[in-house]
Structures are given as C-alpha cells and as structure tokens.
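Participant: any chance you could fold what I've pasted below:
(one chain, ligands or ions: 2)
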Amino acid sequence: MPRAGIVTVAGAPNVGKSTLLNRIVGEKLSIVSPKPQSTRDRIVGIRTHADVQMILLDTPGLLDPEYPLHEAMRATALAALREADVVLHLVDARHNEAASLENIAGLRQPLGAPVVLTINKSDLLSASERDRLRRTRPDAAFISALSGAGVDELLDRISAMLPTSPFLYPEDEISTQSVRFFVGELIRETALEQLADELPYSLACEIEEFRETESPVYIRAVLHVERESQKRIVIGAGGARVRDIGREARRKVEAFVGAPVYLDLWVKVLRNWRRNESALNRFGYHVPEERS
Ligand SMILES: Nc1nc2c(ncn2[C@@H]2O[C@H](COP(=O)(O)OP(=O)(O)OP(=O)(O)O)[C@@H](O)[C@H]2O)c(=O)[nH]1
Ligand SMILES: [Mg+2]
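Facilitator: Ligands and ions are numbered 1, 2, ... in the order given. Presented below is the predicted three-dimensional model:
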C-alpha cells in the first residue's frame, strides 16, 4: 500500500528548515539566507519516491511576535503544525535547545502529530561533540541539510510514520504554489543577499505583472521598503544596486522558469508595511483575528 502525508518542518529562525525542504525535494523552492526570518510563508514541497509521497511544509521560524508581520508568520507556522501527520522539529546542533516544540510554539495543547527531533548543521560539530550529543539525544535524527548527510535515514524514518493512503498529488508535482509566488521569493532572496543587515525585515516583493506567453517572459516587480532612506539604499548610487539585484534575480528567475526573462524591477516606499494589516494582506501575509 502507498503512503502519503504532510510533514511539517518547524523550529527557531535560521536553523536550516528551508535548506532541508530544498534538499528533500531536490529543487531550490524555498529561499535560504544566513539572515534569520527569511521564510514568511508556508512553502509547500512535494517528494514522491517509490510508494511514498511526502508533502513537506516549510514554515517561518517560531519567535515571539513583535509586530503584525510576525503575528502572521507565527499563525502560518502554527496552522502548518496543526495540518501535520509528522512534525520535524529542527534545531541547530550548536544550540543547546532543550525546549520542546510545544514550548517554543507556545502551544496550550500537545501537538496531535508525532515529533521527530532533528539536529541539523551536524557538519559544524567535531566528531567528539557529535558523539556526545548522540548519547544525550539518542532518539534524535542527526543531519546536515547542507551536505545531505543523514537525510536518507531521516526520510526512511518519517516515511514509515506516514499513513497508508493513495498519493495526494500527481507524481511529477513538486509544489502547489504558483510560479509567480516563487519569482517574488527569488527576487526577495537576491535583495537579501545584496543588502545590509538592517534592511531584510523591511523588504517585500510584489509581482505586478507576469506575462508568461511573451518571449522574453515579461515580469514587473516592486521591492517595497518602509522608509525613503531605505529606498535610497536599495537603489544605490546612480541606480547601481537595484541594477545588480535585478541582474542576479533575473538569472535565478530564468533558471526557475526555464526561459529568457525581462525583469522590470522597481523600488517603492510603503510606509511601515510590516505593521499595516491591509498592506500585509496585499502581500499574502494574513494576521490572525484571534491572536494565539
Ligand atoms: N553548515 C551548515 N549550514 C547550514 C545547514 N543547513 C542550513 N545552513 C545554513 O543556515 C542558514 C539558514 O538556513 P535556512 O534554510 O534559510 O534556515 P531557516 O530555518 O529556513 O531560516 P528562517 O526561514 O529564517 O527561519 C543558511 O546560511 C544556510 O546555508 C547545515 O546543515 N550545515
Ligand atoms: Mg526558511
């Protein structure tokens, strides 16, 4: 009998959740950044292998909300936890995290799904540190999402935990999100790479137009920032920085859509959008009515 189900990857910011989703699906779907809070949405990745189909949900890192965007991110992560058949609680091998996922997520009730503690970035430990951690956490999975070490064993383990079920999606499907969504994420990722530390939280990318049937594919995108001073930084002297971001983002988008692309990239100020519910909704970030 085939197996199929939802595997939600959750944990603190920056522990490697998105890197793991990309590794498991075998495609660069979810954006990755050395800066925390890069993922803001639930990202769906599908892996069909032999008679097992996993629907992986990458989630925003769990943190105490400081403003409405954080509330939306947290609600998204909690909803993905509620949907899960299996939860991977990802932690960074270098952090001494004893807290349960229920604690980190501030859940009042235990999770319905089984939780596999997954210790990532184990490539950054020495052999002796790894052995010591293995002894203290005998039931944890040890992996490196970056190198792939331990990931096959982890997949075997979670496959056996999924319910018997027919496949939920066609075998060649790798996500349920639109190309347009991923294009916006790739542009935001590129901007994160090229900008200084104070900016990442203030960036949002909106795709205003996407003409897929044209050659080159025409995409008009806007990078929104929160203040005029940030706009000046993103544009750079004589427009140099936004041109660099656009050039690099176009390269990534072309690889993703498999066609030449004309990327028309703009920078605009949407004052304090992270705290503005209608702006958040416009970008697809939904603040829960009832705050948990
Ligand atoms: N050395 C090492 N680095 C890793 C590993 N996995 C992820 N990283 C790095 O850790 C950083 C964060 O990775 P992400 O995948 O963006 O982490 P995340 O948990 O999705 O982060 P948020 O979405 O911001 O919560 C990036 O610089 C990755 O390259 C790993 O196994 N080993
Ligand atoms: Mg992420």
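Participant: not counting residues beside it along the chain, what's closest to the residue in the stretch 51-200 of the chain positioned nearest to ligand 1?
Facilitator: Of all residues in the stretch 51-200 of the chain, residue 61 sits closest to ligand 1, at 2.9 Å by C-beta to the nearest ligand atom. Quick note: C-beta positions are derived from backbone N, CA and C, even for glycine. Nearest residue to residue 61 in three dimensions, chain neighbours excluded: residue 13, at 2.8 Å (C-beta to C-beta, 6 or more residues apart in numbering).
Participant: before we move on, the earlier item: tell me the contacts of the residue of the stretch 51-200 of the chain closest to ligand 1?
Facilitator: The contact partners of residue 61, by C-beta atoms under 8 Å, 6 or more residues apart in numbering, come to 11-15, 17, 36-37, 39, 73, 77.
Participant: one more time with 7 Å, if that's ok
Facilitator: 11-14, 36-37 (C-beta atoms under 7 Å, 6 or more residues apart in numbering).
Participant: quick one: secondary structure of it?
Facilitator: The three-state label given to residue 61 by DSSP: H, G, I helix; E, B strand; the rest coil is coil.
Participant: related to what we said a few turns ago, didn't the residue nearest to residue 61 look like it was pressed against residue 63?
Facilitator: Yes - applying C-beta atoms under 7 Å as the test, residue 13 and residue 63 come out as touching, 5.9 Å apart.
Participant: so for the most centrally placed residue in the chain, what's the pLDDT?
Facilitator: For the chain, the residue nearest the mean C-alpha position is residue 39 (3.9 Å; C-alpha atoms, centre = their mean). You'll see residue 39 listed with a pLDDT of 97.
Participant: what do you get for residue 259?
Facilitator: At residue 259, the model reports a pLDDT of 97.
Participant: try residue 199
Facilitator: pLDDT recorded at residue 199 is 80.
Participant: what's the closest non-adjacent residue to it?
Facilitator: Leaving aside its sequence neighbours, residue 199 sits nearest to residue 230 (C-beta to C-beta, 6+ apart; 6.0 Å).
Participant: if I look at that neighbour, how far off is residue 260?
Facilitator: Remark: distance between residue 230 and residue 260 (C-beta to C-beta, to the nearest Å) = 31 Å.
Participant: go on, residue 199?
Facilitator: For residue 199, the distance to residue 260 - C-beta to C-beta - is 29 Å.
Participant: again, but for residue 280
Facilitator: 33 Å.
Participant: using the record's domain definitions, break this protein down for me.
Facilitator: 3-161, 179-282 (automatic domain parsing).
Participant: close to ligand 1: what parts of the stretch 101-250 of the chain are there?
Facilitator: Proximity of the stretch 101-250 of the chain to ligand 1 is confined to 120-121, 123-124, 144-146 under the rule C-beta under 6 Å from any ligand atom.
Participant: what about stretch 51-71, distance to the chain center?
Facilitator: When distances are taken as C-alpha atoms, centre = their mean, to the nearest Å, stretch 51-71 is centred 7 Å away from the chain's centroid.
Participant: ignore what I typed, I meant stretch 74-93.
Facilitator: What separates the centre of stretch 74-93 from the centre of its chain is 12 Å, taken as C-alpha atoms, centre = their mean.
Participant: got it, and stretch 96-108?
Facilitator: Stretch 96-108 sits 20 Å away from the centroid of its parent chain (C-alpha atoms, centre = their mean).
Participant: buried set for that stretch?
Facilitator: Of the residues in stretch 96-108, those buried by neighbour count under the rule 16 or more other C-beta atoms under 10 Å are 97, 101, 104-105.
Participant: same thing with stretch 113-122?
Facilitator: So stretch 113-122, judged by 16+ other C-beta under 10 Å, has buried residues 113, 115-122.
Participant: what subset of the contacts of residue 61 is buried?
Facilitator: Among those, the ones that count as buried by 16+ other C-beta under 10 Å are 11-14, 37.
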